[in-house]
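> sequence below, structure please.
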Amino acid sequence: MRNLFILFTMGLMCISFTVIPNQEHFSGKLAHLPFPNQQFTDTVSAVDERGDNLYNTINLITYGLSKQAFEYAWQGFQKLSEKNKLRRNKYLTICDFSQPSSKKRLYIIDIEKEQLITNTYVAHGKNSGGEYATKFSNTPESLQSSLGFYVTSNTYIGKHGLSLRINGVDPGYNDKAMERTIVIHGAEYVDPARAKAGVFMGRSWGCPAVPKNESTTIINTIKEGSCFFIYHTNKDYLQGSKILNG
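Residues are numbered from 1 along each chain as shown. Take a look at the predicted model:
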């Protein structure tokens with residue numbers, strides 16, 4: 001009788017160890033385990049989630065801005081913010097040169113209000129290409145556009161009227177922007193009428209020129225320390241940028 005009791009007790013013990021716990025409860029417990037990298041993972045997820053929410057809330061895809069272009073811009077914006085390179089974190093400007101010049105490929109995003117406040121045309125450099133920009137350079141007098149991240153600086157009155165200096169902060173890709181006098185300015189050759197006529201925009205000497213009648217508002221909005229990003233699918237830049245890969 002005693003042997004039967006021992007066998008019965010051992011059977012109950014085996015059953016208790018083979019019961020499968022509730023999957024939802026189990027997952028919840030795992031989520032709160034103190035893994036060494038838990039805090040880092042949560043931080044990265046929060047950043048990605050905020051970017052995703054911003055992109056989806058504004059519905060940027062309907063304005064022609066790809067998710068990839070935005071993600072690269074957001075990644076660099078975050079890094080520059082963390083390093084205190086930006087005095088004004090309210091705005092993120094994206095110039096998408098993977099699109100033809102006949103498209104509205106300049107985007108100014110108000111991050112705080114989660115709004116797209118400007119979507120307009122922008123020219124690329126004369127020697128960067130015709131309808132599409134395909135060649136880029138950091139070399140003085142190349143008359144080509146330079147890819148990468150910039151921090152907007154001060155304004156001045158030049159031959160194009162009110163203009164905005166932009167400081168290239170992507171080493172090797174646009175850090176000669178000041179030397180090259182790469183600035184944001186208005187230009188008569190950047191005109192919606194050209195797009196309607198099926199003609200690509202006129203081209204600059206490397207400056208991201210914008211429509212003349214919009215230039216003052218654009219410049220005064222993003223001047224003095226905001227992030228300005230010129231994007232393209234160019235692999236050399238995307239794989240070589242120290243901001244994106246540092």
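> how about the helices of the chain, start to end?
Using DSSP state H, the helices of the chain run over 2-18, 23-31, 38-58, 67-82, 177-180, 192-196, 212-222, 235-240, 242-245.
> quickly, which of those helices bottoms out on average pLDDT?
Lowest mean pLDDT within the helices of the chain: helix 23-31, at a mean of 32.
> near residue 156, how many other residues are there?
12 (other CB atoms under 10 Å). Heads up, the C-betas are built off the backbone N, CA and C, glycines and all.
> whoops, residue 66 was the one
Neighbour count for residue 66, taken as other CB under 10 Å: 16.
> and it, how far from residue 153?
To residue 153, residue 66 is 28 Å away according to CB to CB, to the nearest Å.
> go on, residue 56?
32 Å.
> could you do residue 178 as well?
When residue 178 is compared with residue 153 (using CB to CB), they lie 8 Å apart.
> anything in contact with each of the two?
The contact sets of residue 178 and residue 153 overlap at 165, 167 (CB atoms under 8 Å, 6 or more residues apart in numbering).
> stretch 195-208: which residues count as buried?
Applying a neighbour-count criterion of 16 or more other CB atoms under 10 Å, the buried positions in stretch 195-208 are 195, 200, 201, 203, 204, 205, 206, 207, 208.
> so which residue is dead centre in the chain?
residue 73 (1.1 Å; CA atoms, centre = their mean).
> next up, the contacts around that residue.
Neighbours of residue 73 in contact, by CB under 8 Å, 6+ apart: 92, 94, 227, 229, 231.
> wait, what's in contact with the closest residue to residue 184 other than its chain neighbours?
Distances taken as CB to CB, 6 or more residues apart in numbering place residue 164 nearest to residue 184, at 4.2 Å, with adjacent residues excluded. By CB under 8 Å, 6+ apart, residue 164 lies in contact with 152, 153, 154, 155, 183, 184, 185, 219, 222, 223.
> select from the residues you listed the one having the most neighbours.
If you count neighbours using other CB under 10 Å, the busiest of those is residue 184, which has 27 neighbours.
> that one reaches residue 209, doesn't it?
Yes: if you go by CB atoms under 8 Å, residue 184 and residue 209 touch, sitting 7.4 Å apart.
> now residue 233. Nearest residue, chain neighbours left out?
Sequence neighbours aside, residue 98 is the residue nearest to residue 233 in space, at 5.0 Å (criterion: CB to CB, 6+ apart).
> quickly note the distance from that neighbour to residue 86.
Distance from residue 98 to residue 86, by CB to CB: 24 Å.
> between those two, which one's more packed in?
A count of neighbours by other CB under 10 Å puts residue 86 above the other of residue 98 and residue 86, at 19 against 16.
> residues contacting that one?
Taking CB under 8 Å, 6+ apart, we find residue 86 in contact with 77, 80, 151, 225, 226, 227.
> one more time with 6 Å, if that's ok
Neighbouring residues of residue 86 by CB atoms under 6 Å, 6 or more residues apart in numbering: 80, 225, 227.
> check the chain for its longest strand and report it.
Looking across the chain with DSSP state E, the single longest strand is strand 148-158.
> packing partners of it?
strand 161-168, strand 227-231 (3 or more CB pairs under 6 Å, 6 or more residues apart in numbering; DSSP states H and E).
> which one of these lies closest to residue 136?
Minimum separation from residue 136 across the helices and strands packed on strand 148-158 (CB to CB) falls at strand 227-231, 8.5 Å.
> and the closest one with strand 148-158, angle?
110 degrees (axes from the mean of the first three to the mean of the last three CA atoms, to 10 degrees).
> lovely, talk soon.
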